[in-house]
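[1] sequence plus the predicted model coming up.
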Amino acid sequence: MTRLAVSAPGKAFLIGEYAVLAGATALVTAVGRRAVASHCDDPDRPPASPLTEAAYAHVRAYLSERTGTFAPGPLTSVDTGSFAAGARKLGLGSSAAAVAAVVGFHLAEAGLDPEDPEVRAVALRLAQTAHAQVQGGGSGADVACAVLGGTIAFTRGEAPVAVAHPAWLHVGFFDAGAPAITASFVQQVRAAGERDPAGHAAATDLLRRAADQFRAAYTSADPDPDAGLTAIR
């Protein structure tokens, strides 16, 4: 018998990571690190995390309303080992990938296809709700990327839009060598907005314009030959 497992990718923001909180459109791309959710009936398994519990609770509520019954218990194991270098997280959205994988696993366990667009739309809503409940907010772009994959243009309050990665562009990521807690950065951005509304608005507008310009270039068919250095011989 094949063991059921559902995986979800991590993410990297290409542009707009903080401007998205103020309504700008961010570009987010999936990366080759995946969280894998599967059954775990080992009595000595680690206790469920708050994210796993929240994800299960929201799927259970949805399926109970949809079918009237939902018997399976939260015997879910989530492997996010590829998101870390030793004991240090790499900042590639492990929590978003974990909650997306758990939601997808329980939907698949109930007989739904997590690759079906309608099921993915449900999974996105459930995963974003569970993630926001535990993490205390955020844009939800990382969860959207974990559920949908690929590269997406994400604006809060709107449906994510798939964006084709341009063939002429190669993207690489570098490890800064130190962990960063996104939730604390978000809190600092919000605190700055309360402390200096004018300065925050100016900075946000700058970030928004940068995101718009980047997205316009990213979605162009070819790079502008006049946009950079040119050798004249």
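    Cool, got the structure. Predicted model, so just to flag it, every value in this text is computed and none were measured. Residues are numbered from 1 along each chain as shown.

[2] can you pull the buried residues of whichever helix in the chain runs longest?
    Of all the elements of type helix in the chain, the one with the most residues (DSSP state H) is helix 197-218. Using 16 or more other C-beta atoms under 10 Å as the test for burial, helix 197-218 gives 200, 203, 204, 207, 208, 211, 214, 215, 218. Just so you know, the C-beta spots here come from the backbone N, C-alpha and C atoms, and that holds for glycine as well.

[3] apart from its neighbours in sequence, what residue is nearest the fourth one?
    Spelled out, that is residue 207. residue 19 (3.7 Å; C-beta to C-beta, 6 or more residues apart in numbering).

[4] which residues does the one you found contact?
    If you count contacts by C-beta atoms under 8 Å, 6 or more residues apart in numbering, residue 19 has them with 26, 204, 207, 208, 210, 211.

[5] kindly recompute the last result at 6 Å.
    204, 207, 208, 211 (C-beta atoms under 6 Å, 6 or more residues apart in numbering).

[6] could you pull out the buried residues of stretch 86-94?
    For stretch 86-94, by 16+ other C-beta under 10 Å, it's 89, 90, 91, 92, 93, 94.

[7] from the residues you listed, pick the one nearest residue 182.
    Among the buried residues of stretch 86-94, residue 91 lies closest to residue 182 (C-beta to C-beta), at 7.5 Å.

[8] tell me the angle of the lengthiest strand in the chain relative to helix 197-218?
    Of all segments of type strand in the chain, defined using DSSP state E, the longest is strand 26-39. Interaxial angle of strand 26-39 relative to helix 197-218 (axes from the mean of the first three to the mean of the last three C-alpha atoms, to 10 degrees): 80 degrees.
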